[in-house]
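*Asks:* A structural model of the following input is requested.
(chains A, B and C)
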Amino acid sequence: MKADVLRVQGLVVHYHTSLGAVKAADKISFSLKADERLGFAGESGSGKSTMALAILRMIKPPGRIEAGQVWLDGLNLMSLSEEEMRQLRLARIAMVPQGSMNSLNPVMRIKDQIADALRDHGAAMSRRQVAERVRDLLQSVGLRPEVATMFPHELSGGMKQRACIAIAISLRPKVIIADEPTSALDVVVQKQVMETLARVQKELEASVILVGHDMGLVAQFVDRLGVMYAGKLVEVSPVRDIFTKPLHPYTQMLIASLPSLEQKGTFRGIPGLPPLLRDLPPGCAFHPRCPHAVDRCQTDEPLSREVRPDSWAACHLLP
Amino acid sequence: MRRNISLVVGIVLLSGLVLFVGIGHLVVDTTKARALSATPLQPPSFKYPFGTDRQGRDLLAVMVAGTPLTLRIGFIAGFLGVGIGSILGFVSAYYRGKVDVIIRGIADIGLTVPGLLVLIIIAVSIKEGLTVDQMALIVASLAWLSPTRTIRAQVLSLRERGYVEVARLSGMSGPGIIFKEMMPNLLPYLAATLVNAVSNAILASVGLEVLGLGPIESPTLGMTLYWVNYNAALINGWWWWWTAPIVIILVVFLGLFFLTVGLDEIANPRLRRAV
Amino acid sequence: MTTLLEARHVTKVFGGGMFDRNATVALEDFSLRIDSDRPSITAVVGESGSGKTTLARLLLGLVTPTRGQVLYGGRDLQTMSQTDWRAFRRDVQVIFQDPYEVYNPFYRVDHVLTTPVAKFKLAGTKAEARAVIDDVLKAVGLRPEETLGRFPHQLSGGQRQRVMVARALLLRPRLILADEPVSMVDASLRASILGSLRKMNVERGISIVYITHDLATAYQISENIVVLYRGSVAEAGDVELVVKQPHHPYTQLLISSIPLASAERTWTAEAVAGPAIQTAGTTGCKFADRCPSATSPCLQAAPPLFQTDRYRAVACYLYQGTPALSMDNMVSVFAGSGKTSPVGSGGTSMEP
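*Replies:* The predicted model follows:
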């Protein structure tokens, strides 16, 4: 029975704008076991990136974590001071943020950027030790040692992304959060980067949270998959069950809309539009687009329940 | 309002100045701005709140009469400069090719020549007394150089935008695209450039005037400073004479500066798109 | 003339001349023909650097070819008259990838619809114009009252893209060039946009050239496919054949790398080829440096197209047992072409 390495309970994040409060993430609860790969799939505006940032307490104003608890190995992250949180980031829980390959410092060599992270967290290492560590890290992400002395613009997209992964794992964190790590990469390079991530995870015996909008990509990588819609976590199940027995109508319709390579079919999109996060409909956020909506869906917000062992979903229509 | 303090401060300062001039014209007798209107070299008193200068000018009247003149030079030169600069910048950037090379070449050469020197040469060559409007035209002759370059740079990036391509594919012609597609998106930037140009024009004109190359008869701010210099007011301790024009010039420049900063914030597309 | 739009041995080199080492050969000796007698849907699939965007711009006349010609109704775009250009702009429409960039933030979305109506004189009065616009908006599944009068930032990416599709329909084109029309749109909205495109083809007889990196949507919407790799055709033909039984090693690599949204793990196999090494001006097959089956002939000269099936051609020496096919005739492997003998007045032949 593996212990939960990360537990999130009732996380709520609002962005306060002049037009009202944007409910970017609403009552998100889930747990992450050791050595597990958990994925969060959702379209734009579903709240997945917000949730990832909130776990690391990196939400900046006008955003604010309104409520919720996050436990990392039993330690309550919400109770820590800013300084304690800063030391925890990268050392115990690391993130490969969206577009990180474009956020590498263009005037610093790769080895210096990695060393930066090491030194900043007080790793008392001699120059030689740092150089060795950098070489080891580059090797574990499949980059040649020469890359250490290169600048970001000399690397291809895939190589840059792997360098970002190297920075993320430099202090051997227990949890790695990857937010859209392969967007803007070609599909062949994408696979290589994900394979790198998988290998790195195994070496570190860490857990990975993968956030993305590409259902296929997330599905091929993770063990369990959470589906997000309008800031809410509508379903979390083992990945096989998500595709063979999807519970939530949104999940069902989303899967049906994805183009397959097996067979030509009709195009079945989800009619309507995702709701504005500052003006959510009452009751279930999906009910205006749901073909099975009943009266109750318009008034009561469904709560997430364990419908099957290890399968959670928030829908009134489920037993 | 809280979001753009600079703009507010700029508007407040300039409005204050406008009020000063407006109310001043109603309250003060501007004929006293001429020489021999009052007892010379009086420090500020109830009768002459700004004091008088050596030629017997009521300095309050001078300020009230002169400020709008200085501003006028600035505005005429600024508008002409940005107006010409816009046309040249748009044409140069949109059509590229030989036209671009010529316009850009002239602007670049012009920008390397010291502006003040050219203005001095021009001013000195004019034999008869200079009027305020002639002053404005002299300053305007160089005021278009920098706006041409900066506006050209903006248009160069704008012409690569998707919507410009769509407009071209929808059958729009060059001038149509310039005026209907690109210009509206550049209005905040043009406004900021205009304010900047006005500011520079005022600076140039004051510079020329202090050197004695301005309209001698007019009580502009720069001319007042010329007389201050000429009469060694600083050494002689007639502090009220140079305090008034300097304070007003300060207010003008600070007002225009904050206005520019405020408009720049609006012109920044990232801020503009946030609804 | 039954040929609507044709690229004839088109090569496009960026930066420097043909023999400058710093030059990038974006597209090399490419030919494609869209005939007007039968509305087709052709997909052009490639990753970044494949030349697909360059091809789109060449076909639209936004870029001139370094060698070869682009012909509209048999006339070279470079030498066409103004009247011909206007006709061209009516017959060939485009949908761009970015639904954000294509809107002028200063105007409401109506602007992109009213401009072509005005410039091409599609309506006499304001009421007529409004009727025409309402008609195309409804054809793409949008409600005019919810769409018109809004600013671009008030609509979602999917809605904006659908307005662009509506715009493309205004001029009653015979060909729509869709350059990654759904890659910046959410997954659940993609299907409806692609459905609209298919409807255009079926109901209004509009041919579509669908350019994308996403093989899955290409498979779903098209009948014919061309796979590009670094400016050259790797494989072309019936989309069922190419996708289900890929012959070219690159096509195989591409398909095996696609993560399927399904319960099975298809991503188990290790990559069949190494990473691309940037080499400019290579002679020989462009995929040779990564190909597990590369032999020395592959490095000497680029392989021609070999017709391995009635409806498929592969540019790979692995298949040199099958009859060679000239680039001019690549379209003969497309479904519905029914031709196997050379057509056209013998265009310029290219020496490698």
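*Asks:* center of the chain - which residue?
*Replies:* Picked chain A for this. Nearest to the mean C-alpha position of chain A, counting by C-alpha atoms, centre = their mean, stands residue A:211 at 2.9 Å.
*Asks:* Hmm, no, I was thinking of chain C.
*Replies:* residue C:211 (3.4 Å).
*Asks:* what's the following helix or strand after the strand or helix carrying it?
*Replies:* For residue C:211, the element it lies in under DSSP states H and E is strand C:207-212. Downstream of strand C:207-212, the first helix or strand assigned by DSSP H and E is helix C:215-221.
*Asks:* Mind checking the pLDDT average for that next one?
*Replies:* Helix C:215-221 carries an average pLDDT of 93.
*Asks:* right, is that helix up against chain A?
*Replies:* Yes: against chain A, helix C:215-221 shows contacts by C-beta under 8 Å from any C-beta of the partner chain at C:215-217, C:219-220. Just so you know, the C-beta spots here come from the backbone N, C-alpha and C atoms, and that holds for glycine as well.
*Asks:* May I have the residues that are in contact with residue A:70?
*Replies:* A:6-9, A:11, A:54-55, A:76-78 (C-beta atoms under 8 Å, 6 or more residues apart in numbering or on different chains).
*Asks:* picking up where we left off before, buried residues, the strand holding residue C:211. List them.
*Replies:* C:207-212 (16 or more other C-beta atoms under 10 Å in any protein chain shown).
*Asks:* Chain A: which of the residues you listed is nearest?
*Replies:* Among these, residue C:212 lies closest to chain A (C-beta to the nearest C-beta), at 10.8 Å.
*Asks:* For the closest one, give its distance to residue C:54.
*Replies:* 15 Å (C-beta to C-beta, to the nearest Å).
*Asks:* any low-confidence regions in chain B?
*Replies:* B:1-3, B:127, B:129, B:268-275 (pLDDT under 70).
*Asks:* Can you pull up the most central residue in it?
*Replies:* residue B:198 (2.0 Å).
*Asks:* Kindly list the main-chain dihedrals of the residue nearest to the centre of chain A?
*Replies:* phi -110, psi 130 (degrees, to the nearest 10).
*Asks:* and if you look at residue C:324?
*Replies:* Per degrees, to the nearest 10, the backbone of residue C:324 is at phi -80, psi 150.
*Asks:* wait, doesn't it sit right on residue C:304?
*Replies:* Yes: counting by C-beta atoms under 8 Å, residue C:304 is a contact partner of residue C:324 at 4.9 Å.
*Asks:* Neighbour count: these two, which is higher?
*Replies:* The neighbour comparison of residue C:324 against residue C:304 (other C-beta atoms under 10 Å in any protein chain shown) goes to residue C:304, with 15 against 12.
*Asks:* State the three-state secondary structure for residue 267.
*Replies:* With no chain named, the answer covers chain A. coil (DSSP: H, G, I helix; E, B strand; the rest coil).
*Asks:* Hmm, no, I was thinking of chain C.
*Replies:* Criterion first, three-state DSSP; result for residue C:267: coil.
*Asks:* so what's the backbone phi/psi at residue A:6?
*Replies:* phi -140, psi 130.
*Asks:* Residue C:254 versus the residue of the stretch 1-150 of chain C found nearest chain A, what's the distance?
*Replies:* Proximity of the stretch 1-150 of chain C to chain A (C-beta to the nearest C-beta) peaks at residue C:47, 4.0 Å away. To residue C:254, residue C:47 is 8 Å away according to C-beta to C-beta.
*Asks:* okay, and the common contacts of these two?
*Replies:* In contact with both residue C:47 and residue C:254: A:187-188, using C-beta under 8 Å, 6+ apart.
*Asks:* On the pLDDT front, check residue A:290 for me.
*Replies:* For residue A:290, pLDDT reads 92.
*Asks:* ditto for residue C:22
*Replies:* Residue C:22 is assigned 68 on the pLDDT scale.
*Asks:* still on that earlier bit, next, format the contacts of residue A:70 as CSV and append distance to chain C, pLDDT and neighbour count.
*Replies:* Shown next, in CSV, are those (distance: C-beta to the nearest C-beta, whole Å; pLDDT from 0 to 100; neighbours: other C-beta atoms under 10 Å in any protein chain shown):
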residue, distance to chain C, pLDDT, neighbour count
A:6, 24, 93, 23
A:7, 27, 93, 18
A:8, 25, 93, 22
A:9, 29, 92, 15
A:11, 23, 93, 24
A:54, 22, 94, 25
A:55, 24, 94, 24
A:76, 35, 92, 11
A:77, 31, 92, 21
A:78, 32, 91, 14
